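> Just need the structure, nothing else, for what follows:
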Amino acid sequence: MSLGTGTAAEQVSRFARNMLLARLLMPSAFGAMAIVMSSSSIISAISDVGLGPAVIQHPRGTEDSFLDAAWWLGLVRALFIYGIVFAMAPWVARFYAIPALSGLLRVTLLATILDAMLSPRSKRIQKEMKFGRYAMIINGGSILGVITTVVLALILHNVWALAFGFCAENVFRCLFSYILCPGLPSLKFDRTAYSELIHFSKGMFGLAFFHLVFSRADIFVLGKLFSANMLGLYTLAVYLVQTPATFVINMLGSILLPAFSHVRGDKERANRMLTEVTSWMLLLGFPFAMMLWFFGSSLLTLVYGARYAVGATTLAMAGIVAFINILNNLITSLFFAEGRPALHRRAVAASAIVMAICVYPICHLLGMVGGQVSALIAITASYLLQIARARDILGLRLTRYGRAILPAACVSGVVVLAGIGARVFGLARIPVADIAIG
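Numbering: from 1, shown residues only. Okay, here's the model as predicted:
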């Protein structure tokens, strides 16, 4: 309950922030920040070693020596990332012909170091499923960072408010982590702990990079093909649907990874848990995705303003992508809990390859919506591969797994009828009435 409440509060605050900032800042500010976040993610993804999942799934994950080893590995990685991106920042600015990108990258990426400096004991409370303190650290820090961003936007009225606000979130998280989970990392070298962390990381190597290609390739391509203003319209449309999706993924991931770890080796219980959670996600997510197809334009108009309504098709496609991604992440948690991240890596690699092949020609052909069309093709390939691996390795029963599709489709049919009715009676031209029907 505490985790759900905290995550919901964070996402609501982000939603409210974007509603306000869309009226305070130009779309180009969001476009520039999207390029910053995507560019800084490259090096981060290349060097990701999966320290968080390694601690949670490992039997020694509550020991101080193990947590300290993970902390030092994470800090060294973060410092390496910052050095690389600091050096490449001017090149990125020249490539996109946006001079401010250089400084924005160097400021924004300080968040990577701050994130690595979280109290080493904060990982323990997540493994032990003490979600009250975990929510205060992660969600509390984020909410204060969101408030900081809004205050800075009222003062600065430019993209720097987004950059400083993003760093502020990590500053607050770091402070809260040491207040709620006190304890400095030890300098003592535990060879066994480092060895076991690195062993798990071998299965994670390259995973984050493949995920980056899937999740950020559209930003890189669209940022080059179109103006920062158009990219900002695209980014906010996608973010609108990613807000609830992120809430669901973060909450379920935080709960399911330790839950699956507790039943590790019991395939029947693990498959039953996966099937039940998937059934609920189908029942909730399928109708929501359908709603975006019919009511997306009104939603964007009401939330961001009339100029953002052009992103309605992008929003609808993003809704389907987010829905499939949630289902995919449920299986991912199961693989990680089994200590087999390499199973997930193969699926993500496939999605990255599909995305890399499709994204440029599809964006060139379809325009801005092509980014999400490419993402849909890529995430579908990944999801089908994960289902196949779960069936082969863990004995997933496909008939039982897919049984919830029919009731979800029936509920979605009601949404489709409501959407058609709104258009027949002319209510679609009134955003508030249109959304109320949806």
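> Does the longest helix along the chain pack against any helices or strands, and if so which?
Ranked by residue count under DSSP state H, the longest helix found in the chain is helix 267-303. Packing contacts for helix 267-303, counted by 3 or more CB pairs under 8 Å, 6 or more residues apart in numbering; DSSP states H and E, involve helix 2-24, helix 228-262, helix 312-337, helix 370-394, helix 398-401, helix 405-424, helix 431-437. For glycine as for every other residue, the C-beta is placed from the backbone atoms N, C-alpha and C.
> so who does the most centrally placed residue in the chain touch?
In the chain, the C-alpha nearest the mean C-alpha coordinate belongs to residue 246, at 5.4 Å (CA atoms, centre = their mean). Contacts for residue 246 (CB atoms under 8 Å, 6 or more residues apart in numbering) come out as residue 11.
> From residue 324, how far out is it?
15 Å (CB to CB, to the nearest Å).
> quick one: the host helix or strand of residue 215 to helix 370-394, angle?
Using DSSP states H and E, residue 215 sits in helix 207-225. Computed with axes from the mean of the first three to the mean of the last three CA atoms, to 10 degrees, the direction of helix 207-225 lies at 170 degrees from that of helix 370-394.
> other SSEs contacting helix 207-225?
helix 27-46, helix 64-96, helix 228-262, helix 341-366, helix 370-394.
> Of all the ones you listed, which one is nearest residue 175?
helix 64-96 (16.2 Å; CB to CB).
> how far is that closest one from where the chain is centred?
How far helix 64-96 lies from its chain's middle: 19 Å, per CA atoms, centre = their mean, to the nearest Å.
> CA-only coordinates of the helix or strand just after that helix in PDB, if you can.
Proceeding N to C from helix 64-96, the next assigned helix or strand is helix 101-108, under DSSP H and E. These are the backbone C-alpha positions of helix 101-108, laid out as PDB (Å, rounded to 0.1, in the frame of the first residue of the first chain):
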ATOM      1  CA  LEU A 101      23.000  20.900 -25.300                       C
ATOM      2  CA  SER A 102      26.600  20.900 -24.200                       C
ATOM      3  CA  GLY A 103      26.000  22.600 -20.900                       C
ATOM      4  CA  LEU A 104      22.700  20.800 -20.400                       C
ATOM      5  CA  LEU A 105      24.400  17.400 -20.700                       C
ATOM      6  CA  ARG A 106      27.100  18.200 -18.200                       C
ATOM      7  CA  VAL A 107      24.600  19.500 -15.600                       C
ATOM      8  CA  THR A 108      22.000  16.800 -16.100                       C
END
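> and helix 101-108, how far out from the chain's middle?
The answer for helix 101-108 is 21 Å, by CA atoms, centre = their mean.
> got the contact list for it?
Against helix 101-108 from outside (CB under 8 Å, 6+ apart): 32-33, 35-37, 39-40, 85-86, 89-90, 92-93, 159-160, 163-164, 166-167.
> Buried residues in it, which are they?
For helix 101-108, a neighbour-count test (16 or more other CB atoms under 10 Å) marks 101-102, 104-108 as buried.
> re earlier: please dump the helices and strands packed on helix 267-303 into a markdown table; it should also carry distance to residue 77 and mean pLDDT for every row.
As requested, the helices and strands packed on helix 267-303 are arranged in a markdown table below (distance: least, CB to CB, whole Å; pLDDT from 0 to 100):
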| stretch | distance to residue 77 | mean pLDDT |
| --- | --- | --- |
| helix 2-24 | 25 | 76 |
| helix 228-262 | 21 | 81 |
| helix 312-337 | 19 | 88 |
| helix 370-394 | 25 | 89 |
| helix 398-401 | 36 | 80 |
| helix 405-424 | 41 | 83 |
| helix 431-437 | 44 | 79 |
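> Tell me which of these is the most buried.
Highest mean neighbour count of those: helix 312-337, a mean of 23 (counted as mean count of other CB atoms under 10 Å).
> Which elements pack onto that one?
helix 51-57, helix 228-262, helix 267-303, helix 341-366, helix 370-394.
> and the ones you listed as a markdown table, adding distance to residue 217?
Converted to a markdown table, those look like this (distance: least, CB to CB, whole Å):
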| stretch | distance to residue 217 |
| --- | --- |
| helix 51-57 | 24 |
| helix 228-262 | 13 |
| helix 267-303 | 22 |
| helix 341-366 | 5 |
| helix 370-394 | 7 |
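> which stretch among these comes nearest residue 28?
helix 228-262 (4.2 Å).
> angle of the closest one against helix 101-108?
Using the same axes, to 10 degrees: helix 228-262 against helix 101-108 is 30 degrees.
> i'd like the first residue to be 629 from this point on
All set: I'll call the first residue 629, so the last point we hit is now helix 856-890.
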